[in-house]
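> Give me a 3D structure for the following:
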Amino acid sequence: MRVPGSSRLELISEVLVVGAVVAVLSLPVVTAVPALAAGARRVRRGADGFAEPPVRTVVRDTGRALRDWWALALGVPLLVLLVAIDVVLARSGALPGGTAVLVVVAAVAAVGAVVVLRACGTWEPGTRPGPALREAARVSGADLVGSALLLSAAIASGVLVWMLLPLAIVAGGLLALATVSVERRWALRLAGVDG
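This next block holds a predicted model:
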């Protein structure tokens, strides 16, 4: 049900609730990407004025996203583990050219994170992961400013959690809001509206 005139305060409260739900649903790790996609969809619909219970909606949509994106849900944690292993090996001195390896690994991780976040920001039930990731990669290259903003949001969320672990409860909501905001910014740019 669409409710006209949703306030920004309502959106902020939804982001906080969505963040808590995404944090809980991400505990099994393999559900992190589907939970973020479901959270971003809820934030997007909330910004559009659709009044839906955020907890129930995000839980339901996480199940849908897990069915749609199960391969991505399994692949992302494995890739994060591989990146962590590469970083440990490069920093230990066991790899020749460890500094160069760190730079390459950081660049690949940053690009991968932006593409996955952009894909999450546009997820709808029934969306397949392959086309979503290809489109997210295309848009990431076309909208470098938006990609930089999204990467900055991801880094800022990580720093907040690193500084104060309980902030992990809202990090998912903040990332969901960032993905939706960057996608809206890109859509406005395509429509020829300055934003």
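
> C-alpha from now on. contacts and neighbour counts both.
Noted.

> pretty sure Trp69 is touching Pro129, no?
Yes. With contact defined as Cα atoms under 8 Å, Trp69 reaches Pro129; the gap is 5.6 Å.

> What strand or helix carries Ala176?
For Ala176, the enclosing helix or strand under DSSP states H and E is helix 168-190.

> and that helix, how far from the chain's centre?
Offset of helix 168-190 from its chain centre (Cα atoms, centre = their mean, to the nearest Å): 8 Å.

> Could you list the residues in contact with the worst-scoring helix or strand of the chain on mean pLDDT?
Using mean pLDDT, DSSP states H and E, the weakest-scoring helix or strand in the chain turns out to be helix 8-25, at a mean of 86. Residues from elsewhere that reach helix 8-25, judged by Cα atoms under 8 Å, 6 or more residues apart in numbering: 31-32, 35-36, 39, 42-43, 46-47, 54-55, 58-59, 168-174, 176-177.

> contacting residues around the helix or strand that that helix is followed by?
Sequence-wise, the next helix or strand downstream of helix 8-25 (DSSP H and E) is helix 32-47. The contact list for helix 32-47, computed with Cα under 8 Å, 6+ apart, reads 6, 11, 14-15, 18-19, 22, 25-26, 52, 54, 57-59, 61-63, 65-66, 69, 72-73, 76, 119-124, 172-173, 175-177, 179-180.

> same thing but at 6 Å, please
18, 22, 26, 58, 61-62, 65-66, 73, 120-121, 123, 176 (Cα atoms under 6 Å, 6 or more residues apart in numbering).

> returning to what we had before: flag every buried residue along the least confident helix or strand of the chain.
By 16 or more other Cα atoms under 10 Å, the buried positions in helix 8-25 come out as 11-12, 14-25.

> On the secondary structure side, give me the element for the spatially most central residue of the chain.
The centroid of the chain falls nearest to Leu117 when counting by Cα atoms, centre = their mean (3.5 Å). Take DSSP H and E as the rule and Leu117 turns out to sit in helix 98-121.

> now the angle between helix 32-47 and that helix, please.
In terms of direction (axes from the mean of the first three to the mean of the last three Cα atoms, to 10 degrees), helix 98-121 departs from helix 32-47 by 50 degrees.

> Dump helix 98-121 to PDB, keeping only the CA atoms.
Provided in PDB are the C-alpha atoms of helix 98-121 (Å, rounded to 0.1, in the frame of the first residue of the first chain):
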ATOM      1  CA  GLY A  98      53.700  -8.700  -1.600                       C
ATOM      2  CA  THR A  99      53.100  -5.000  -1.900                       C
ATOM      3  CA  ALA A 100      52.000  -5.400  -5.500                       C
ATOM      4  CA  VAL A 101      49.800  -8.300  -4.600                       C
ATOM      5  CA  LEU A 102      48.100  -6.200  -1.900                       C
ATOM      6  CA  VAL A 103      47.400  -3.400  -4.300                       C
ATOM      7  CA  VAL A 104      45.900  -5.800  -6.900                       C
ATOM      8  CA  VAL A 105      43.900  -7.700  -4.300                       C
ATOM      9  CA  ALA A 106      42.600  -4.400  -2.800                       C
ATOM     10  CA  ALA A 107      41.600  -3.100  -6.300                       C
ATOM     11  CA  VAL A 108      39.800  -6.400  -7.200                       C
ATOM     12  CA  ALA A 109      38.000  -6.500  -3.800                       C
ATOM     13  CA  ALA A 110      36.900  -2.900  -4.200                       C
ATOM     14  CA  VAL A 111      35.500  -3.400  -7.700                       C
ATOM     15  CA  GLY A 112      33.800  -6.700  -6.600                       C
ATOM     16  CA  ALA A 113      32.200  -5.000  -3.600                       C
ATOM     17  CA  VAL A 114      30.900  -2.200  -5.600                       C
ATOM     18  CA  VAL A 115      29.400  -4.500  -8.300                       C
ATOM     19  CA  VAL A 116      27.800  -6.700  -5.700                       C
ATOM     20  CA  LEU A 117      26.400  -3.700  -3.800                       C
ATOM     21  CA  ARG A 118      25.000  -2.200  -7.000                       C
ATOM     22  CA  ALA A 119      23.400  -5.500  -7.900                       C
ATOM     23  CA  CYS A 120      21.800  -5.700  -4.400                       C
ATOM     24  CA  GLY A 121      20.500  -2.200  -4.900                       C
END
